[in-house]
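Here is my input, please return the structure:
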Amino acid sequence: AILSINRDITQRKRAEQEIKKSLEEKEVLLTEIHHRVKNNLQIISSLLDLQFENLEELQKPQILQAYQHSKDRIRSMALIHENLYQSGDLARIDVTEYTHNLVDYFFSTYGRLAKNVTSHIQIDSTLSSLSLTMDIAVPIGLILTELLSNALKHAFPHDQKGEIRIVFYREIPGMLTLKVSDNGVGLPKDIDIRHLQSLGLELVTMLTQQVKGTVEIDGSSGTTVKITFPYPKHS
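This is a model prediction of the structure:
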């Protein structure tokens, strides 16, 4: 006896092709969105540059620093979208590449302040290739921006030689730790770390809360800032 079964799978194949086409179109759209966001942020940064040139005549250091800080924060966000646009993954950002790009930006921007400072970036081997989702990458990128800026401006006065270390590691299961440290002058012994009047550190605290993390600051030997936040083991 011979049993023959014939099925017409034309409709199923057509549906699969339509789904594939739809996914490809959405991926192209997301890529274009990241590209345009990056370009728009760069335009804003350029506009700040033009305004900055006009303000230089005022010789107001605090105003000039405020503009530079704003530009740094914008650039850190633009780098995230640039990295997402250039990579094949539109949902997650490679932390190693992003951190290197951010450090390169600061060392070129801060020129004289960074000329005697070296950087060291380390991703714990147990984390393999570390990547973060957008909702985590943006605040962590802004935290890095504040900490790198503070270190380059305050840790090494009078062209002092030094090093800035940026380390990502898993100290507690389900948690990721970012530690940014320098071997500079540290914080004054009589200062109360809990009541530091600094917009940069206020932003670090606020952004750490945004990722449901905790922040620790040690200024006894150089300055070390430790941020610990939830990070699923499977990520």
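
What are the buried residues along the helix or strand hosting residue 77?
Taking DSSP states H and E as the definition, one finds residue 77 inside helix 61-86. Using 16 or more other C-beta atoms under 10 Å as the burial criterion, the residues of helix 61-86 that qualify are 68-69, 71-85. All C-beta atoms are positioned from the backbone trio N, CA, C, and that covers glycine.

Stretch 112-121 - what's its average pLDDT?
Average pLDDT, stretch 112-121: 90.

Run through this structure and note the low-pLDDT ranges.
1-9, 12, 14-16, 18-60, 85, 87-90, 128, 188-199, 232-235 (pLDDT under 70).

where along the chain do the helices fall?
Using DSSP state H, the helices of the chain run over 10-55, 61-86, 95-109, 111-114, 134-150, 199-210.

now for the third one, which elements pack on it?
So that's helix 95-109. Under the contact definition 3 or more C-beta pairs under 8 Å, 6 or more residues apart in numbering; DSSP states H and E, helix 95-109 sits against helix 61-86, strand 117-123, helix 134-150, strand 162-169.

now those as TSV including distance to residue 101?
Output for these, formatted as TSV (distance: least, C-beta to C-beta, whole Å):
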stretch	distance to residue 101
helix 61-86	5
strand 117-123	11
helix 134-150	10
strand 162-169	12
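
Out of the ones you listed, flag the one nearest residue 225.
helix 134-150 (5.5 Å; C-beta to C-beta).

Could you check how far residue 173 is from residue 61?
46 Å (C-beta to C-beta, to the nearest Å).

One more: residue 157?
Distance from residue 157 to residue 61, by C-beta to C-beta: 15 Å.

ditto for residue 117
Counting by C-beta to C-beta, the gap from residue 117 to residue 61 is 21 Å.

Ok, residue 116 next?
22 Å.

check contacts around the closest residue to residue 168 other than its chain neighbours.
In space, and not counting its chain neighbours, residue 168 is closest to residue 123: 5.0 Å by C-beta to C-beta, 6 or more residues apart in numbering. Contacts for residue 123 (C-beta atoms under 8 Å, 6 or more residues apart in numbering) come out as 95-96, 130, 167-169.

rerun at 6 Å
96, 130, 168 (C-beta atoms under 6 Å, 6 or more residues apart in numbering).

Name the nearest of the residues you listed relative to residue 112.
Using C-beta to C-beta, these come closest to residue 112 at residue 96, 27.5 Å.

Give me the neighbour count for that closest one.
Number of residues near residue 96 (other C-beta atoms under 10 Å) recorded here: 15.
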